[in-house]
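In: A predicted structure for the sequence below; I have some questions about it.
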Amino acid sequence: MVFTALEKAGVLIEALPYIKKFNGKTVVIKYGGSAMINRELKEAVMNDIILMKLIGINPVLVHGGGPEINSFLDRIGKTFTFVNGLRVTDSETMEIVEMVLVGKVNKEIVSLVNSFGGKAVGFSGKDGNLIIARRTTATVKNEQGAAVEYDLGFVGDVDTINPEIVETVIKKGYIPIIAPIGVGRDGKSYNINADYVAGAIATSLRADKLMLLTDVEGIMRDQKDPASLISSLKLSEVEGLIDAGVIASGMIPKVECCVKALKGGVSTTHIIDGRLPHSILLEVFTDQGIGTMVVTREVF
């Protein structure tokens, strides 16, 4: 599609009030899914966050890396399983997870941002004790239908966030790129769901927005009907939609992440389609926005 100069001017005019609104504000983005695999989408995300930084917004990127971890484990013949969507992580797997997320994925993202003219700094939750983790378990039902606790190994939840290192990096003009590895009070590394890490960091930074990139358009009332997209979801509606099965499977932890962040003081949270190039800019700088916005109350 070719835009005329007048159409380009119209786009800028539409974006202007949002540029003013979010100047100096922090936006935390959970980066994952197809946007981490497809080259075009990767480049779009990097350019989006660079543009945000250049116009005075402070983007913070928290990334996953499940496919890369799976690929490496497959290459060395290491089997792995998931329980309730969480990877069972023994000590050997934890070493690999940390190596892939921190040593490979994180540095590739930093290099890509820098190659496009941005200034990025990468680190994990172990740096500066950013993420103090606590070991977690999964609750599953046995053959008799009784709930039992399942040991996931070195899988953690966020205990506390110490945001000083992130705040320092932002003040120095850099874009923080964070791998979701935490350190326990026992000094050991823990693998943490990147959605939860993004939500916790957004809360600690009092971010204006939390954005979760996914491989779906948002929350649908009917998964087979794109027209049923819920563009704005209030906290009071979440429980009922979970009970009704509208919010189900992998969408539940994402919505729970949004709920927790909102209760922790984040202004707005968004579940958006990372398969759409420049989805971040479309959400931040256009009147219509995209995906599903989860809010404490209806926003007009």
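Out: Right, received. Where do you want to start?

In: can you tell me which residues contact residue 178?
Out: 60-63, 106, 122-125, 130, 166, 197, 201 (CB atoms under 8 Å, 6 or more residues apart in numbering). In short, each C-beta sits where N, CA and C put it, glycine included.

In: that one should be in a strand, yeah?
Out: Yes. Counting by DSSP: H, G, I helix; E, B strand; the rest coil, residue 178 is located in a strand.

In: tell me which of the contacts of residue 178 is nearest to residue 215?
Out: residue 63 (14.8 Å; CB to CB).

In: that older thread, closest one to residue 228 out of the contacts of residue 178, please.
Out: Among the contacts of residue 178, and counting by CB to CB, the member closest to residue 228 is residue 62, at 29.2 Å.

In: can you count the residues close to the nearest residue to that closest one once chain neighbours are set aside?
Out: Distance criterion CB to CB, 6 or more residues apart in numbering; nearest residue to residue 62, sequence neighbours excluded, is residue 198 at 4.1 Å. When neighbours are counted by other CB atoms under 10 Å, residue 198 registers 31.

In: shaky segments in the stretch 201-300 of the chain?
Out: Along the stretch 201-300 of the chain, the parts satisfying pLDDT under 70 run over 297-300.

In: surely the residue nearest to residue 62 meets residue 254?
Out: No. Assessed by CB atoms under 8 Å, residue 198 is found out of contact with residue 254, at 9.9 Å.

In: anything in contact with each of those two?
Out: Common neighbours of residue 198 and residue 254 (CB under 8 Å, 6+ apart) are residue 212.

In: residue 294: which element?
Out: With secondary structure defined by DSSP states H and E, residue 294 is part of strand 292-295.

In: strands of the chain, start to end?
Out: 26-31, 58-63, 82-83, 86-87, 120-124, 131-141, 147-161, 175-179, 181-184, 189-192, 209-214, 232-234, 268-273, 292-295 (DSSP state E).

In: to residue 69, which of the ones you listed lies closest?
Out: strand 86-87 (7.6 Å).

In: listing partners with orientation, what would you give for that closest one?
Out: The strands that strand 86-87 pairs with in its sheet are strand 82-83 (antiparallel) (by DSSP bridges).

In: contact partners for the residue nearest to residue 62?
Out: 28, 29, 30, 62, 210, 212, 257.

In: pull out the buried residues from stretch 238-248.
Out: 238, 241, 246, 247 (16 or more other CB atoms under 10 Å).

In: residue contacts, the closest residue to the last one other than its chain neighbours?
Out: Translated: residue 247. If the residues on either side of it in the chain are set aside, residue 247 comes closest to residue 241, at 4.6 Å by CB to CB, 6+ apart. Residue 241 is in contact with 219, 233, 247, counting by CB under 8 Å, 6+ apart.
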